[in-house]
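Engineer: coordinates only, sequence not included:
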């Protein structure tokens, strides 16, 4: 072969290898260069910062993953209560996370201890904050029963540490979830090198709040404390501050803890992850476990009860020592087998608060995806200088509930929230006002026969808005100039319902309920500002990113 041809071929091979090598380098580093502009991402010269190594959402403390899907929400058993409030309807749920058990006394007492240190109740400025989050331990009292041992011991005694907390209202459960969000995210920031936490120097005016950190993280840079800088920026391997805060793009800050929606709770309770038979898919599953009975058919534990519930009149657990359910009141969480999602006590022990405002109808004609009634849309309040308005001790708003208790509606350090206005709703087709609780629920606004609705009167006799189909009593409670509670009862006999915008759904049977209520489809309601000895709660968290963990791992 001609020497010139040989040299030419070698040159071509070298060029080809160089091109391949270059393309490989580009491919391997493509995640750090923009496919839109070609500019470098995460450059050291202060360019656009983004977590290009993010794989998937980490499971937050206490939670288990629930892969979403479709299911039949609603009635399985005969409606012996004649509520007609859970007609079967097909719904689809996005993937989410849920607490593996109810929130326990120990978990709630940790919250009380933290808030007591942050807002000392002996300080007149903060005393109502702590009092407002205390569970009502008097829920155990019965005029014809001796229950003082629970009244005095159930919340705080170590013997009940792993028992589900009760005496907590829906409002208190929501506040607990908000606090838990801030504590978990603050710890995430520290573990990822973004923040130093000095627990001994808790400042009630500068309490860490996730939403505020995302808007203005530099607000928490408070200089040196005992020679240690309270920093909120990323530190590199050499211990040098990079000037980069943990924005949403870093993936370090997780979604909020919250109460599960009714649809999420029912879907999770059914535990359909491993079951795909026609009857189960079509809504024929009666309990969180397999089968049609409350006793186990497994050989080792055959005959044992699978949940803690009232088995009959005067029978809260069974005959002592003979295959009873192991409890007379509540029982320690995880005392019974979990369902297929790994969730404990989705039937029995305590019923549980969910996020939804109660209505006897589920409007699946309008929406069959992530169904939820209770949306109230807000936005950050803005100061005149364009900065966000942060709540101070002087801005705390206290609310007197229907039972006379006083609670704080906001806390120092939080961003003040206001309802959305026309700037957000103008020409939108998906929502048109801040409060969507009453949307299509049978009141004047949503009825085609609104002309037939009659005017009603308020407690003081003055004219009010046209009455709604859910015509509940309108009691009034206030405080006079001396701080005394003034109550005005609505005693009129033309009230037709106890349903209003302040009643919330609770799901699942409890230690105090008969077997009928163990069906996850059953639904009841209770005032959001009141508590009982049989309603507890667990938290949930939305899933961001892929629907399935397994499929996401296979792609990586």
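Structural biologist: Structure's in. What do you need? Predicted model, so just to flag it, every value in this text is computed and none were measured. Numbering: from 1, shown residues only.
Engineer: drop to CA atoms for contacts and neighbour counts, all remaining ones
Structural biologist: Will do.
Engineer: quick one: low-confidence parts of the stretch 251-400 of the chain?
Structural biologist: Within the stretch 251-400 of the chain, the segments meeting pLDDT under 70 span 273-284, 291, 296-303, 322-323.
Engineer: In it, what residue spans correspond to helices?
Structural biologist: Using DSSP state H, counting those that start in this stretch, the helices found in the stretch 251-400 of the chain span residues 262-270, 278-281.
Engineer: for the residue nearest the centre of the chain, which residues make a bridge with it?
Structural biologist: Here the mean C-alpha position of the chain is nearest to the C-alpha of residue 258 (Cα atoms, centre = their mean), at a distance of 1.3 Å. Judged by DSSP bridges, the bridge partners of residue 258 are residue 540.
Engineer: got the buried residues for the helix or strand residue 150 falls within?
Structural biologist: For residue 150, the host element (DSSP states H and E) is helix 148-153. The neighbour-count check on helix 148-153 (16 or more other Cα atoms under 10 Å) flags residue 150 as buried.
Engineer: right, and the helix or strand after that helix?
Structural biologist: Taking DSSP H and E, what comes next after helix 148-153 is helix 170-191.
Engineer: Show me what that following helix packs onto, helices and strands only.
Structural biologist: helix 105-118, helix 210-215, strand 257-258 (3 or more Cα pairs under 8 Å, 6 or more residues apart in numbering; DSSP states H and E).
Engineer: Pick the most buried one from the ones you listed.
Structural biologist: Counting by mean count of other Cα atoms under 10 Å, strand 257-258 has the highest mean neighbour count of those, with a mean of 24.
Engineer: Mind giving me the packing neighbours of it?
Structural biologist: Using 3+ Cα pairs under 8 Å, 6+ apart, strand 257-258 is in contact with helix 170-191, strand 540-542.
Engineer: Residue 484: which of those is closest?
Structural biologist: Residue 484 lies closest to helix 170-191 among those, at 22.9 Å (Cα to Cα).
Engineer: where in the stretch 451-556 of the chain is pLDDT low?
Structural biologist: 451-469, 550-556.
Engineer: Just the strands from it, written as ranges.
Structural biologist: Assigned by DSSP state E, counting those that start in this stretch, the strands in the stretch 451-556 of the chain fall at 476-479, 485-488, 503-507, 523-527, 535-536, 540-542.
Engineer: Would you tell me which of these gets closest to residue 321?
Structural biologist: strand 535-536 (27.4 Å).
Engineer: where's that closest one relative to the chain centroid, distance-wise?
Structural biologist: 15 Å (Cα atoms, centre = their mean, to the nearest Å).
Engineer: Surely residue 340 touches residue 272?
Structural biologist: Yes: using Cα atoms under 8 Å, residue 340 makes contact with residue 272 at a distance of 7.0 Å.
Engineer: okay, these two: which has more neighbours?
Structural biologist: Using other Cα atoms under 10 Å, the more surrounded residue of residue 340 and residue 272 is residue 272, with 25 against 19.
Engineer: nearest residue to residue 204 other than its sequence neighbours?
Structural biologist: Nearest residue to residue 204 in three dimensions, chain neighbours excluded: residue 118, at 5.6 Å (Cα to Cα, 6 or more residues apart in numbering).
Engineer: any idea how far the one you found lies from residue 182?
Structural biologist: 14 Å (Cα to Cα, to the nearest Å).
Engineer: What of residue 388?
Structural biologist: In terms of Cα to Cα, residue 388 sits 18 Å off from residue 182.
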